[in-house]
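could you work out the structure for the sequence below:
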Amino acid sequence: MARESFDKEIQFLRMLVLTSGAYSRQQFADRLGISIHTFDKTIRKLKAVVSAVHERLPAEQGKEFAETLRYSYYESADPLLLFLYRAKSVKETESYRLTLIVAELESRPLTALELLDLCCAGLPEELALPDEKTIRSDLKYLEEAGVIVRVGTARPYRYRLYTELLTALSDEELIDLYDFVDVMANTQVPSVQGYLLRDSLKKAIRRQGKELAEPFLYKYHYYSRILDEAHLNLLLQAIAARRTISFLYFSPKAGKSYGSQNTNPLFARESEGKEARVLPLRVVYDHQYGRWYLLAHSAKQRVAKFRLEGMTQIEEGDPVEEADFAAKLALLDLRTQQSWLVDTGYPVTVRARFYNPEEASRNFIKDRVRLQGQWGVITEEDATSFVYEITVNGMTEIKPWLRSFGSSCEVLAPKRLREEFIAEWKEIQRYYESVREDV
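Model prediction:
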């Protein structure tokens with residue numbers, strides 16, 4: 001799958017989940033910045049991928065794609081959108097060749113030339129025949145991925161499947177490994193590679209005739225976390241290589257979330273995205289909302305912040321000197337030293353009173369404040385409450401955390417934040433004023 005196509009389908013699926021199929025075809029196409037024809041073609045592509053990956057799908061041919069996604073979500077513990085990564089992993093011609101190579105190596109070790117002859121004989125007539133360079137490139141890819149290994153040191157090299165990870169383990173060890181990977185993939189980030197490993201282990205266990213019980217059941221809420229991991233490896237590689245990147249960025253406040261690359265001038269249109277060229281410095285994950293952020297150095301803003309969900313068409317650029325990278329990273333550390341997450345606003349001291357739970361054997365309010373309160377400190381304490389104080393860059397990011405404590409938290413300072421909370425709780429109260437007391 002081409003990179004542009006993958007960006008489009010990421011945004012397509014994100015909108016589909018968020019709107020639950022409420023948009024018409026025209027509204028959907030307008031929001032994405034694509035044509036109706038492209039919308040229909042994307043739907044067909046995703047339907048084909050889902051049908052190939054998921055075993056249990058609705059039998060009705062006319063069921064809407066949004067309903068198909070919802071059905072799969074409630075019927076399976078598997079992550080809903082992981083199939084997209086399988087779809088983008090290789091091109092169609094590569095999938096035929098790699099499948100043939102793996103199938104042939106399953107029975108015996110073979111050389112590159114022997115695999116070339118087998119591929120030429122086994123590929124469909126409509127596909128172009130590979131040359132020796134292509135086969136060697138495929139073997140290198142499979143070797144780096146840990147699928148195959150070389151046999152011996154004499155030329156010509158022979159290759160065989162690498163199955164030691166599975167065959168060297170007993171049945172109980174294999175199931176224990178599956179359970180461990182299952183827990184870690186569903187509770188840690190990044191997680192996509194863990195999900196793929198879990199699926200491989202599941203297939204290996206079932207191939208041995210074992211019935212696999214699912215001891216844990218996770219229902220996934222943050223779709224963006226999985227979708228945005230498509231960009232994660234590329235960004236981490238660029239940071240490690242000290243390279244700049246360029247991309248087209250769509251702000252969460254923008255009217256569109258994607259802009260197609262139209263090669264036909266008759267259909268060219270003005271893109272609403274913003275072209276950006278930055279030096280990536282750090283990737284940050286917001287566990288509260290399941291969002292990924294890129295912190296980078298921009299020539300205009302110095303420290304720039306981007307939500308990964310709005311980044312499309314990412315390309316690597318030129319490398320920078322190590323000293324230059326270190327200087328920009330030091331500036332970022334200085335600007336975010338007091339950031340609750342990624343805010344680089346002016347420092348403000350927040351004071352809040354937390355009320356202890358009544359008649360509880362354990363003070364879970366204080367436990368949570370100590371666990372999640374970062375560098376904040378408890379300055380006062382009595383039998384019924386305690387005062388927590390922290391200096392952070394801006395109030396925007398800490399506000400949802402304080403709000404999540406409900407009536408157990410009272411904001412004392414600053415005055416503006418306290419007034420905002422008062423206004424919010426009054427608004428919530430108005431929602432319930434019309435409800436009869438006897439209902």
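
per-domain residue ranges of the protein.
By the record's domain assignment, the chain is partitioned as 3-80, 92-162, 166-207, 223-261+268-335, 347-432 (automatic domain parsing).

same list (these) but as a markdown table, adding mean neighbour count.
For every residue, glycine as well, the C-beta is placed using N, CA and C. Rendered in a markdown table, the data for the domains of the chain read as follows (neighbours: other C-beta atoms under 10 Å):
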| stretch | mean neighbour count |
| --- | --- |
| domain 3-80 | 15 |
| domain 92-162 | 14 |
| domain 166-207 | 16 |
| domain 223-261+268-335 | 17 |
| domain 347-432 | 14 |
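
for Phe216, find the nearest of these.
Nearest to Phe216 among those is domain 166-207 (5.9 Å), distances taken as C-beta to C-beta.

between the two ends of the closest one, what distance do you get?
Across its full length, domain 166-207 reaches 11 Å end to end, with C-alpha to C-alpha, to the nearest Å as the criterion.

mind checking how far that domain is from the chain centre?
Relative to the chain's own centre, domain 166-207 is displaced by 19 Å; criterion: C-alpha atoms, centre = their mean, to the nearest Å.

any stretches of the chain with poor pLDDT?
Using pLDDT under 70 as the threshold, the predicted model of the chain has low-confidence ranges 1-5, 17, 20-21, 48-81, 83-92, 219-221, 254-272, 434-439.

what's the top strand by length along it packed up against?
Across the chain, the longest stretch assigned as strand under DSSP state E is strand 274-286. Packing partners of strand 274-286 (3 or more C-beta pairs under 8 Å, 6 or more residues apart in numbering; DSSP states H and E): helix 223-240, strand 243-249, strand 291-298, strand 302-307, helix 322-335.

just so I know, which of these lies nearest Phe405?
With respect to Phe405, and counting by C-beta to C-beta, the nearest of the helices and strands packed on strand 274-286 is strand 291-298 at 21.3 Å.

got the angle between that closest one and helix 322-335?
For strand 291-298 and helix 322-335, the angle between their directions (axes from the mean of the first three to the mean of the last three C-alpha atoms, to 10 degrees) works out to 120 degrees.

who does strand 291-298 pair up with?
Applying DSSP bridges, strand 291-298 is found paired with strand 274-286 (antiparallel), strand 302-307 (antiparallel).

select, out of the helices and strands packed on strand 274-286, the one closest to Ser191.
Closest to Ser191 of the helices and strands packed on strand 274-286 is helix 223-240 (C-beta to C-beta; 7.1 Å).

can you dump the C-alpha coordinates of stretch 235-252 into CSV?
Coordinates of each C-alpha in stretch 235-252 appear next as CSV, following Å, rounded to 0.1, in the frame of the first residue of the first chain:
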residue,chain,number,x,y,z
LEU,A,235,9.6,9.6,13.7
LEU,A,236,11.8,7.6,16.1
GLN,A,237,14.2,6.7,13.3
ALA,A,238,14.4,10.3,12.2
ILE,A,239,15.2,11.3,15.8
ALA,A,240,17.8,8.6,16.2
ALA,A,241,19.4,9.6,12.9
ARG,A,242,19.2,13.4,13.7
ARG,A,243,17.3,14.0,10.5
THR,A,244,14.7,16.7,9.7
ILE,A,245,11.3,15.7,8.4
SER,A,246,8.7,17.4,6.2
PHE,A,247,4.9,16.7,6.3
LEU,A,248,1.5,18.1,5.6
TYR,A,249,-0.3,18.9,8.9
PHE,A,250,-4.0,19.2,9.6
SER,A,251,-4.7,20.9,12.9
PRO,A,252,-7.5,19.3,15.0
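
now whichever strand or helix holds Leu196 against helix 223-240, angle please.
Using DSSP states H and E, Leu196 falls within helix 192-207. Here helix 192-207 runs at 110 degrees with respect to helix 223-240, directions being taken by the same axes, to 10 degrees.

check contacts around the nearest residue to Ala413 once chain neighbours are set aside.
Setting aside the residues directly before and after it, Ala413 is nearest to Arg351 in space (C-beta to C-beta, 6 or more residues apart in numbering), at 4.4 Å. If you count contacts by C-beta atoms under 8 Å, 6 or more residues apart in numbering, Arg351 has them with 379, 387-389, 411-413.

could you redo the last one with a cut-off of 7 Å?
With contact taken as C-beta atoms under 7 Å, 6 or more residues apart in numbering, Arg351 is in contact with 387, 389, 412-413.

biggest separation within those residues, which pair?
Val387 and Ala413 (10.1 Å).

okay, the strands paired with strand 291-298 in CSV with distance to Val147 next?
Below are the strands paired with strand 291-298 laid out as CSV (distance: least, C-beta to C-beta, whole Å):
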stretch, distance to Val147
strand 274-286, 28
strand 302-307, 34
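
now Ile428, what's its secondary structure?
Secondary structure for Ile428, judged by DSSP: H, G, I helix; E, B strand; the rest coil, is helix.

tell me how far it lies from Arg370.
Computed as C-beta to C-beta, to the nearest Å, the Ile428 to Arg370 distance reads 28 Å.

and Ala327, by the same measure?
Note on Ala327: its distance to Arg370, by C-beta to C-beta, is 36 Å.

and if you look at Glu389?
Taking C-beta to C-beta as the measure, Glu389 falls 13 Å from Arg370.

kindly report the same for Trp425.
From Trp425 over to Arg370 the distance is 25 Å, taken as C-beta to C-beta.

for Glu214, find the nearest of the domains of the chain.
Judging these by C-beta to C-beta, what sits closest to Glu214 is domain 3-80, at 5.8 Å.

give me the residues contacting stretch 212-232.
Everything outside stretch 212-232 that qualifies as a contact, by C-beta under 7 Å, 6+ apart, is 6, 10, 13-14, 17, 77, 79-82, 179, 182-183, 186, 189-190, 192, 202, 205-206, 283, 290-292, 308-309, 311, 314.
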